[in-house]
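Mind looking at a prediction? Sequence and model below.
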Amino acid sequence: MAGNFVFLRSDWPELFGEAHRAERLARTDPRVACFYARRTLELTARWLYQADRTLRTPYKDDLNARLHEPTFKSLTGPVLLAKMNVIRNLGNEAVHGRRVVPERDAVAAVRELFHVACWLGWTYSRSVASRPAANLRFDEALLPQRQPSSPPTQSRAELKQLADKLAASDAVLVDERERSSALQDEIDALRAEIVKAKAINQSRPDLHDYDEQHTRDRYVDLLLHEAGWPLDKERDREFEVAGMPTPSGKGYVDYVLWNSDGRPLAVVEAKRARRSPREGQQQAKLYADRLEAVYGQRPLIYYTNGFEHWYWDDLRNPPRQVEGFHARDELRLAIRRRTIRQSLADATIKPEIVERHYQHRAIRRIAEAFELHNQRKALIVMATGAGKTRTVIALVDLLQRCNWVKRVLFLADRNALVVQAVNAFKQHLPSSSPVNLVTERDGIGRVYASTYPTMMNLIDSARTSEGRRFGIGHFDLIVIDEAHRSVYQKYRAIFSYFDAMLVGLTATPRDEVDRDTYGLFDLEPGVPTDWYSLEEAVEGGYLVPYRAVSVPLLSRRHPVRRS
């Protein structure tokens, strides 16, 4: 059975079967091929977490959570992780997207899967047959050619049904394995075997060519596509500009992201994969200078090496690292804010939303952090019952009226708190059209409230015909209810993904807030942006002191009777 994945057959027969399906269908049925490439990756990640005891169990049993768990990212490195994300995203698009999946996408998914499989073989193979040869290269000639009259094997709806069926079947198998002591013994034996195999394999240099440059180009294109940039015009890539400090005076911008009026919104400078993207910062600035001179509008700036991305509005803010690229409307708004954004210090806080002095003080201190100190994160410590939610509502109102913020995401860890927040926004700021994403996943408004797991699912699966529904710039502000370290450790992918300002709320006394939580908000330990303690609230007459209540415990001699 010829193919690019034959070396997997000895140690990983299940992975070989799925990978072989993907390459067999790459040209004949690209949508299904992308699905099987993603499935192979999912099974690979599941095997890794089972076999490699250095990996910590992620917060959730799905592919996105596994790939973004810190120990997994450390194991693979940025290049392999980018390849895995290419496969994952193309697979998601195949199942959930409405556009026709082109053959080039399926070939790209299978090619990147080949490199992931080679890494797996080089790192974990227990037999010589499963270790890919150093000179092994991906061979497109092994992919069966499409026949002119051959129809797709499955429709998008059928593929979605297959995905759901396989996911349910996999869940049953995982549950059975967890219940079986014999299978647990097998896993323990496998882990011991892998420790030895991994040590032996790591003593040999990995000579495989992972084709990082191709991955960089593909991953950047994929991220731009997800943000809604079709890149279908000649001037979208390698756009020529004059007046550069080169012998010819010419330069070529890797990507220009254009507005519908023909003016540039952003430039993207892509450096080689093994170089730091920061090496492209000055060159990208020069490109922005030349485009501004011609078109009368200064574009925003990105520079990337395909695996690390930086975003820079050099008229307002220092560069910051982002997870991808913004959509056209988001870039257009960012440029407009250069002129329409108003001073927060000069704006009034609506007394009909908050009237207490400490609530006004908290809002002003957050505004100072954002406006005067150019910070993007703030942490408010406020006693339970002192009005944290109304404080946030007044803050959102202020930021929206001054054109600092368009859409807000409010995150809580329980459905009841989400409902409570939505009702509070409806009462005190109805113009924000609050949406409960737990129950109204397609709702549209200016304030969205969600639990953490719901938001994680929506990031990974919510798509439109033009790309992701929730791109990295969809929200300008994220509010974290009861912010603490465990939330960040479990759901850090949310905060890494969105390019948004961050406000954390907690009732934990400031001296008891852990050091890592302060670090999350770039603050010194013990020094939140603002705080209002229970003692202050009691002294001010806003709260009453707590009263301890002694509750007798039932003894074993008198068990509770149940009807």
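Right, received. Where do you want to start? All figures in this text were calculated on a predicted structure; none of them were measured in a lab. Numbers count the residues shown, from 1 in each chain.

Considering only helices and strands, which part of the chain has the lowest mean pLDDT?
Least confident helix or strand of the chain, by mean pLDDT, DSSP states H and E, is strand 463-464 with a mean of 56.

ok, the residue nearest the centre of the chain - contacts?
The residue at the geometric middle of the chain, judged as the C-alpha nearest the mean C-alpha position with Cα atoms, centre = their mean, is Tyr497 (3.4 Å). Each residue near Tyr497 by Cβ atoms under 8 Å, 6 or more residues apart in numbering is listed here: Glu323, Ile459, Ile472. Quick note: C-beta positions are derived from backbone N, CA and C, even for glycine.

Domain parsing of this protein, as residue ranges.
6-210, 226-340, 357-539 (automatic domain parsing).

Save those as TSV, and put in distance to Lys350 too.
Converted to TSV, the domains of the chain look like this (distance: least, Cβ to Cβ, whole Å):
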stretch	distance to Lys350
domain 6-210	38
domain 226-340	20
domain 357-539	6
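
excluding its backbone neighbours, what's nearest Gly251?
The spatial neighbour of Gly251 that comes closest, neighbours along the chain excluded (Cβ to Cβ, 6 or more residues apart in numbering), is Met244 at 3.6 Å.

For Ala117, give me phi and psi.
Backbone torsions of Ala117, given as degrees, to the nearest 10, read phi -60, psi -40.

Am I right that it is in contact with Arg9?
No - Ala117 lies out of contact with Arg9 (Cβ atoms under 8 Å); the separation is 11.0 Å.

Flag the shaky bits of this protein, pLDDT-wise.
Within the chain, the segments meeting pLDDT under 70 span 1, 147-153, 172-182, 461-467, 485, 554-563.

hey, which helix is longest across it?
Ranked by residue count, the top helix of the chain under DSSP state H comes out as helix 70-96.

how about it: buried residues?
Residues of helix 70-96 classed as buried by neighbour count (16 or more other Cβ atoms under 10 Å): 72, 76, 79-95.

go on, stretch 509-525?
Neighbour-count burial for stretch 509-525, with 16+ other Cβ under 10 Å as criterion, is recorded at Arg510, Val513, Thr517, Tyr518, Leu520, Phe521, Leu523.

how far does it stretch from start to finish?
Using Cα to Cα, to the nearest Å, the end-to-end distance of stretch 509-525 comes out at 12 Å.

Now do it: distance to the chain's middle.
Remark: stretch 509-525 is offset 24 Å from the chain centroid, using Cα atoms, centre = their mean, to the nearest Å.

Let me see the contact set for His474.
Shown here is His474, whose contacts under the criterion Cβ under 8 Å, 6+ apart are Ala327, Glu330, Arg407, Phe498.

Next secondary structure element downstream of the helix or strand harbouring Lys196?
Mapping Lys196 onto the secondary structure by DSSP states H and E places it in helix 181-202. Using DSSP H and E, the helix or strand that directly follows helix 181-202 along the chain is helix 212-226.

and that following helix, what does it pack onto?
Counting contacts by 3 or more Cβ pairs under 8 Å, 6 or more residues apart in numbering; DSSP states H and E, the secondary-structure elements packed against helix 212-226 are helix 70-96, helix 103-124, strand 250-258, strand 264-270, strand 467-468.

Now tabulate the ones you listed in TSV and tack on distance to Asp188.
As requested, these are exported to TSV (distance: least, Cβ to Cβ, whole Å):
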stretch	distance to Asp188
helix 70-96	19
helix 103-124	16
strand 250-258	50
strand 264-270	45
strand 467-468	41
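
so which of these comes closest to Arg156?
Comparison of these against Arg156 by Cβ to Cβ identifies helix 70-96 as nearest, at 7.5 Å.

what distance separates that closest one from the centre of its chain?
The chain centre lies 11 Å from the centre of helix 70-96; the measure is Cα atoms, centre = their mean.

That helix vs helix 103-124, what angle?
Using axes from the mean of the first three to the mean of the last three Cα atoms, to 10 degrees, the interaxial angle of helix 70-96 with respect to helix 103-124 works out to 150 degrees.

hmm, back to that, most widely separated two among the buried residues of stretch 509-525?
Pairwise over the buried residues of stretch 509-525, using Cβ to Cβ, the maximum falls at Arg510 and Leu520, 14.6 Å.

re the thing from before, now do the residue nearest to Gly251: how many residues are near it, please.
18 (other Cβ atoms under 10 Å).

if I've got this straight, it is in a helix?
No - under DSSP: H, G, I helix; E, B strand; the rest coil, Met244 falls outside any helix and is assigned coil.

wouldn't it be in contact with Arg290 here?
Yes - in this structure, Met244 sits in contact with Arg290. The criterion is Cβ under 8 Å, and the distance is 6.6 Å.

Quickly list what's touching both of these two.
In contact with both Met244 and Arg290: Gly251, using Cβ under 8 Å, 6+ apart.

picking up where we left off before, and the helix holding Lys196, what's buried?
Applying a neighbour-count criterion of 16+ other Cβ under 10 Å, one finds Leu190, Ile194, Ala197, Lys198, Asn201 buried in helix 181-202.

try stretch 311-322
Of the residues in stretch 311-322, those buried under the neighbour-count criterion (16+ other Cβ under 10 Å) are Tyr311, Trp312, Asp313, Pro319, Val322.

contacting residues around the third one?
Asp313 is in contact with Leu300, Ile301, Ala334, Arg338, counting by Cβ under 8 Å, 6+ apart.

Let me know the distance separating it from Gly296.
When Cβ to Cβ, to the nearest Å is the yardstick, Asp313 and Gly296 sit 17 Å from each other.

about what we covered before: so which of the helices and strands packed on helix 212-226 is nearest Leu223?
Minimum separation from Leu223 across the helices and strands packed on helix 212-226 (Cβ to Cβ) falls at helix 70-96, 8.5 Å.

same for that closest one, what does it pack against?
Packed against helix 70-96, as judged by 3+ Cβ pairs under 8 Å, 6+ apart, are the following elements: helix 30-51, helix 63-68, helix 103-124, helix 156-179, helix 212-226, helix 452-461, strand 463-464.

Could you dump these into a markdown table with mean neighbour count added?
Compiled in a markdown table, those are given as follows (neighbours: other Cβ atoms under 10 Å):
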| stretch | mean neighbour count |
| --- | --- |
| helix 30-51 | 24 |
| helix 63-68 | 20 |
| helix 103-124 | 24 |
| helix 156-179 | 13 |
| helix 212-226 | 20 |
| helix 452-461 | 19 |
| strand 463-464 | 15 |
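
possible to save those as CSV with distance to His360?
What follows is the helices and strands packed on helix 70-96, written out as CSV (distance: least, Cβ to Cβ, whole Å):
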stretch, distance to His360
helix 30-51, 49
helix 63-68, 39
helix 103-124, 53
helix 156-179, 50
helix 212-226, 41
helix 452-461, 30
strand 463-464, 40
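
so which of those gets nearest Lys490?
Using Cβ to Cβ as the measure, helix 452-461 is the one of those that comes nearest Lys490, at 7.2 Å.

Show me what the closest one is in contact with.
Counting by Cβ under 8 Å, 6+ apart, helix 452-461 makes contact with 60, 62, 64-65, 92, 96, 409, 411, 413, 437-438, 441, 450, 468-470, 487, 490-491, 493-494, 497, all of which sit outside it.

Quick one: buried ones out of those residues?
With burial judged by 16+ other Cβ under 10 Å, the buried subset of the contacts of helix 452-461 is 60, 64-65, 92, 409, 411, 413, 437-438, 450, 468, 470, 487, 490-491, 493-494, 497.

Tell me which entries of those residues lie within helices.
By the criterion of DSSP H, membership of the buried ones among the contacts of helix 452-461 in helices covers Asn64, Ala65, Asn92, Val487, Lys490, Tyr491, Ala493, Ile494, Tyr497.

Check the burial of Asp346 by counting its neighbours.
A count of nearby residues for Asp346, using other Cβ under 10 Å, gives 7.

Which secondary structure state does it sit in?
Remark: Asp346 carries the secondary structure label coil [criterion: three-state DSSP].
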